[in-house]
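[1] kindly return the folded structure for what I paste below:
(2 chains)
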There are 2 protein chains.
Amino acid sequence: MKFKKILTIGINETSLNADYWKRSDSLAEKRISLAKDSLEIKMQLKDTDCLLVNPFAFKVDKEIIDAAPKLKYIGVLATAYGKADCEYAATKKIAVCNIPGYSTEAVAEFAFGAILEHLRDLERAKTQARGGDYSEATFSNTSEIKGKKFGVIGLGRIGLRVAELALAFGADVFFWSRNHNKEAEAKRIKYQDIETLLSECDFISLHLALNKETEFFLYEACVEKIKSGALLLNLAPNELIDYNALEKRIAIGDIVYIMDHTDELMPEQAKRLLRYKNCIMYPPIGYTTKEATVKKQEIFVENIESFLKGAPMNKVN
Amino acid sequence: MKFKKILTIGINETSLNADYWKRSDSLAEKRISLAKDSLEIKMQLKDTDCLLVNPFAFKVDKEIIDAAPKLKYIGVLATAYGKADCEYAATKKIAVCNIPGYSTEAVAEFAFGAILEHLRDLERAKTQARGGDYSEATFSNTSEIKGKKFGVIGLGRIGLRVAELALAFGADVFFWSRNHNKEAEAKRIKYQDIETLLSECDFISLHLALNKETEFFLYEACVEKIKSGALLLNLAPNELIDYNALEKRIAIGDIVYIMDHTDELMPEQAKRLLRYKNCIMYPPIGYTTKEATVKKQEIFVENIESFLKGAPMNKVN
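    Numbers count the residues shown, from 1 in each chain, chains lettered A, B, ... in the order given. Model (predicted):
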């Protein structure tokens, strides 16, 4: 079985390498690729049965689904599928498939890279050495992960992997999640209520998926509870946090905030945050490794193949 | 029991905090502190029974030991004691005590900080974001530790801890050491002969103590065997490696070398190495964390106390 027409929206030609485009294209009679703001979108949706989207560029809402009466499959080129109206798609018997887990290791490794980079002041150290100054005198106030309290909010694949690595570093590891998690608890990753976790942990790493329930999960009262001196790491969407409250807290200067979803900030907001030394901003590179990129493309195409074989993989609705 | 006189050589007043100086000073009738190149050294040694030295600044050789006929105790303010003539001291019944293990976590955490900083190009990423560019486009060629071959040379405390963390990251971990190590092998840290380790591992981390047997351990033929594309991390003394051969290899550009004993390089050598982008130089900050600094002072003073109580700790000769 094959699709009649694949329509891609907001997916760059470079997002998949040639081999994966070839495999994907072999699954339909034709493919049309549109930019996220193309005027042709609704017209092209009319006879599309397979829609592939970059969910960060393009929102698949009711209106889009209603414009595609033949639609059977929505492939999301990301783990996050919160911006697609999955429930509404389900009422129309349209499968939504995402790409879980491809970036688990990439994000978890990045988390410890970014934490250690900050703790050990690596950028300043490299710069100093490059200038020919090999003195360690100003690096005596750096600290270790071992023995500290490390809190993980959201214990999906990435959160669990971060928690495991924190354990390996010798931290005392806590998590908050909607549900208890026996697998984690057996490994000495301890459940803690969110208020205690925020007010007691030295490191707090946020790994919730964004959806209606988690939007603004860290609202003002939560942000105020974060332990003075703590490091808050957010490699997840910014919408999980009340950024007004967070900015106020960053301005006080008693927490460190490390983030990588900088591309989703408003330009004015980004400029304001850049002024704070205790706000460490990366481009969104937590998930970008060679290994993750290969896995992502593999799963994305495999999802379409599996759906066509009648055994859908990674269906989220 | 107390010492008559503590003589310190090359130890800054700031190397111990006030409380530890107080504890140490309470163990002798007096203390004299000299710079490493003081002309008074031999004169002061005459009635010294307790010598405390910074082994990186000052070498305790036969001549020094012979100049101190009353000497009973040499306290080395470091883990490395290779620069003191421990065997000769033993023939004179002088105990040499070092400070093992205080920096194990600091160095192991730094190792992964420095590796991940390089793998994920964190300095460039921060600089780019600071300039307002939040694109991930140029970070797609970064890679993960997971699944790679990770070789540890020297399986002392630090080497073992680095190997354990590499395992936690999901690497395939190998070690070379003078002796097999059942504890390590039970954890899937596999013994490998040095040639195979060098030629097959993607990451090679050097953790040998410096002594007569390990000086130039990585001689020319070894340096040539290092796998093309590998990352060699050296947080141990530079004398473990034939630096002429290493410079030649760095110049070829097919390996990455990360080091932190930059303060021990000759100025000309440091300048030459700085030219290579694949040679990443840090000040000697692998072992400098608040936690390690406290542990170091604690053990240094405890060693003297224990010796005076007749139950010497951390005696190395």
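[2] residue contacts, the residue of the stretch 151-300 of chain A found nearest chain B?
    Relative to chain B, the nearest point of the stretch 151-300 of chain A is A:A168 (3.3 Å; Cβ to the nearest Cβ). C-beta: built from backbone N, CA, C; applies to glycine. Listed by Cβ atoms under 8 Å, 6 or more residues apart in numbering or on different chains, the contact partners of A:A168 are B:E164, B:L165, B:A168, B:F169.
[3] what's the distance between the second one and chain A?
    So the one you mean is B:L165. Plainly put, B:L165 is 6 Å away from chain A if you go by Cβ to the nearest Cβ, to the nearest Å.
[4] can the helix or strand encompassing A:E247 be found next to chain B?
    Assigned by DSSP states H and E, A:E247 belongs to helix A:243-252. No. Helix A:243-252 does not reach chain B (Cβ under 8 Å from any Cβ of the partner chain); its nearest approach is 15.4 Å.
[5] name the residues that touch that helix?
    Contacts with helix A:243-252, where a contact means Cβ under 8 Å, 6+ apart, come from A:218-220, A:223-224, A:226, A:255, A:257, A:269, A:272-273, A:276, A:278-279.
[6] want to throw the residues you listed into CSV with pLDDT?
    Shown next, in CSV, are those (pLDDT from 0 to 100):
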residue, pLDDT
A:L218, 95
A:Y219, 94
A:E220, 93
A:V223, 97
A:E224, 96
A:I226, 98
A:I255, 98
A:Y257, 98
A:Q269, 95
A:R272, 96
A:L273, 97
A:Y276, 97
A:N278, 98
A:C279, 98
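[7] looking at the residues you listed, which one is closest to B:I115?
    Within these, the smallest distance to B:I115 is 24.1 Å, found for A:Y257 (Cβ to Cβ).
[8] buried set for the lowest-mean-pLDDT helix or strand in chain A?
    Of all helical and strand segments in chain A, the minimum by mean pLDDT, DSSP states H and E falls on helix A:182-186, at a mean of 89. Neighbour counts using 16 or more other Cβ atoms under 10 Å in any protein chain shown place A:A184 of helix A:182-186 among the buried residues.
[9] and stretch A:262-280, by the same measure?
    A:T262, A:L265, A:A270, A:R272, A:L273, A:L274, A:N278, A:C279, A:I280.
[10] does chain B have contacts with that stretch?
    Yes. Using Cβ under 8 Å from any Cβ, stretch A:262-280 reaches chain B at A:T262, A:D263, A:L265, A:A270, A:K271, A:L274, A:I280.
[11] ends of that stretch, what's the gap?
    10 Å (Cα to Cα, to the nearest Å).
[12] hang on, the earlier thing: need the residues of stretch A:262-280 next to chain B in CSV (columns: distance to B:N303).
    Below are the residues of stretch A:262-280 next to chain B laid out as CSV (distance: Cβ to Cβ, whole Å):
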residue, distance to B:N303
A:T262, 49
A:D263, 54
A:L265, 53
A:A270, 53
A:K271, 54
A:L274, 48
A:I280, 40
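[13] just checking, which of those belong to helices?
    In helices, judged by DSSP state H, the following of those are found: A:A270, A:K271, A:L274.
[14] which one among those gets closest to A:G286?
    Distances from A:G286 to these, taken by Cβ to Cβ, are shortest for A:A270, at 17.1 Å.
[15] looking at chain A, which helix is longest?
    The helix spanning the most residues in chain A, taking DSSP H as the definition, is helix A:290-308.
[16] tell me the mean pLDDT over that helix?
    In this model, helix A:290-308 has a mean pLDDT of 97.
[17] center of chain A - which residue?
    Centroid-nearest residue in chain A: A:A236, 4.1 Å away (criterion: Cα atoms, centre = their mean).
[18] the residue nearest to it when sequence neighbours are not counted pairs with what?
    Closest residue to A:A236 apart from its sequence neighbours, by Cβ to Cβ, 6 or more residues apart in numbering or on different chains: A:L206 at 5.1 Å. A:L206 has these beta-bridge partners by DSSP bridges: A:I153, A:N234.
[19] roughly how far apart are A:G156 and A:S103?
    Note on A:G156: its distance to A:S103, by Cβ to Cβ, to the nearest Å, is 11 Å.
[20] chain center to stretch A:107-126, what's the gap?
    Relative to its chain's centre, stretch A:107-126 lies at 19 Å (Cα atoms, centre = their mean, to the nearest Å).
[21] name the residues that touch the helix or strand harbouring A:K42?
    Using DSSP H and E, A:K42 sits within helix A:41-45. Helix A:41-45 has contacts (Cβ under 8 Å, 6+ apart) with A:L7, A:I9, A:I32, A:L34, A:S38, A:L51, A:I64, A:A67, A:A68, A:L71.
[22] pull out the buried residues from these.
    Members of those classed as buried by 16+ other Cβ under 10 Å are A:L7, A:I9, A:I32, A:L34, A:L51, A:I64, A:A68, A:L71.
[23] avg pLDDT for stretch A:88-104?
    Stretch A:88-104 carries an average pLDDT of 96.
[24] in it, what counts as buried?
    Buried, per 16+ other Cβ under 10 Å, within stretch A:88-104: A:88-89, A:94-104.
[25] just to revisit the earlier point, for the least confident helix or strand of chain A, C-alpha coordinates in PDB please.
    C-alpha atoms of helix A:182-186 as PDB (Å, rounded to 0.1, in the frame of the first residue of the first chain):
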ATOM      1  CA  LYS A 182       8.900   2.100  40.300                       C
ATOM      2  CA  GLU A 183      11.800   1.600  37.900                       C
ATOM      3  CA  ALA A 184      13.300   4.900  39.000                       C
ATOM      4  CA  GLU A 185      12.500   4.400  42.700                       C
ATOM      5  CA  ALA A 186      14.300   1.100  42.600                       C
END
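[26] ok, A:N98 to A:K315 distance?
    Taking Cβ to Cβ as the measure, A:N98 falls 9 Å from A:K315.
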